[in-house]
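*Asks:* what's the 3D shape of this:
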Amino acid sequence: NPESRRRQYGLAERARSLGWKDAIVIDEDLGRSGSGIRRPGFEKLLAAICEGRVGAVLAIEASRLARNGRDWHTLIEFCGLVGTLIIDEDGIYEPRHPNDRLLLGMKGTMSELELSILRARSIEALKQKARRGELFLTVAIGYVKSGRNRVEKDPDLRIREAIDLVFRR
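*Replies:* I've put the predicted structure just below:
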């Protein structure tokens, strides 16, 4: 999403306007789904925080920095230990202060709940499509999805002949 990327890169300018000279954008995780996938950008961020090289972490929505509660609370804990601020569009948070820590924790919990609700809705939609016989996640080799909810033989003659040869033999 180009607009989302523009907003993310605009955070570097916001950091400079808040007084930081060096603003580094970590974008290694762009386009990666969060569930069960290694996130080198997040790992790089945590390492830089632990080394004391980060004065503030800026995000459009802070709770989206981490993709699960464990990572979120680890981020808050590390930021609190070294005095790194967390900044998003709603405010500036000091994880050492109990009220800010409570608010950050609630933001993370709400984000986790939102993700689980969206996941449950998506799964239910897939189940409904399957009940109607319209769910095609993948099709067998030699077939292609065509039109709306249709499966046909691959139009490539070489593929069709190769599959026919396999069955003849």
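*Asks:* for the longest helix along the chain, buried residues please.
*Replies:* Assignment by DSSP state H gives helix 98-131 as the longest helix of the chain. With burial defined by 16 or more other Cβ atoms under 10 Å, the residues of helix 98-131 counted as buried are Asp100, Arg101, Leu104, Gly105, Lys107, Gly108, Ser111, Glu112, Leu115. Yep, even glycine has a C-beta here, placed from its N, CA and C like the rest.
*Asks:* beyond that helix, next helix or strand please.
*Replies:* Going down the chain from helix 98-131, the next helix or strand is strand 143-146, by DSSP states H and E.
*Asks:* show me what that following strand is packed against.
*Replies:* With contacts taken as 3 or more Cβ pairs under 8 Å, 6 or more residues apart in numbering; DSSP states H and E, strand 143-146 sits against strand 150-153.
*Asks:* can you list the strands that the strand it packs on pairs with?
*Replies:* Looking at strand 150-153 with DSSP bridges, its partner strands are strand 143-146 (antiparallel).
*Asks:* hmm, who's touching the partner strand?
*Replies:* Phe136, Val139, Val151, Glu152, Lys153, Asp154, Pro155 (Cβ atoms under 8 Å, 6 or more residues apart in numbering).
*Asks:* what's the pLDDT at the closest residue to Glu152 other than its chain neighbours?
*Replies:* Closest residue in space to Glu152, ignoring its immediate chain neighbours: Ser146 at 4.7 Å, by Cβ to Cβ, 6 or more residues apart in numbering. As predicted, Ser146 sits at a pLDDT of 82.
*Asks:* how close does Ser146 get to Val25?
*Replies:* Per Cβ to Cβ, to the nearest Å, Ser146 is found 42 Å from Val25.
*Asks:* CSV for the contacts of strand 143-146, including distance to Glu161 and pLDDT?
*Replies:* Supplementary listing: the contacts of strand 143-146 in CSV, determined by distance: Cβ to Cβ, whole Å; pLDDT from 0 to 100:
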residue, distance to Glu161, pLDDT
Phe136, 24, 77
Val139, 18, 84
Val151, 19, 84
Glu152, 16, 87
Lys153, 11, 89
Asp154, 10, 90
Pro155, 12, 91
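*Asks:* out of these, who has the most neighbours?
*Replies:* Asp154 (17 neighbours; other Cβ atoms under 10 Å).
*Asks:* any idea how far that one lies from Phe78?
*Replies:* From Asp154 to Phe78 the distance is 52 Å (Cβ to Cβ).
*Asks:* swap in Gly142?
*Replies:* Gly142 is 52 Å from Phe78, by Cβ to Cβ.
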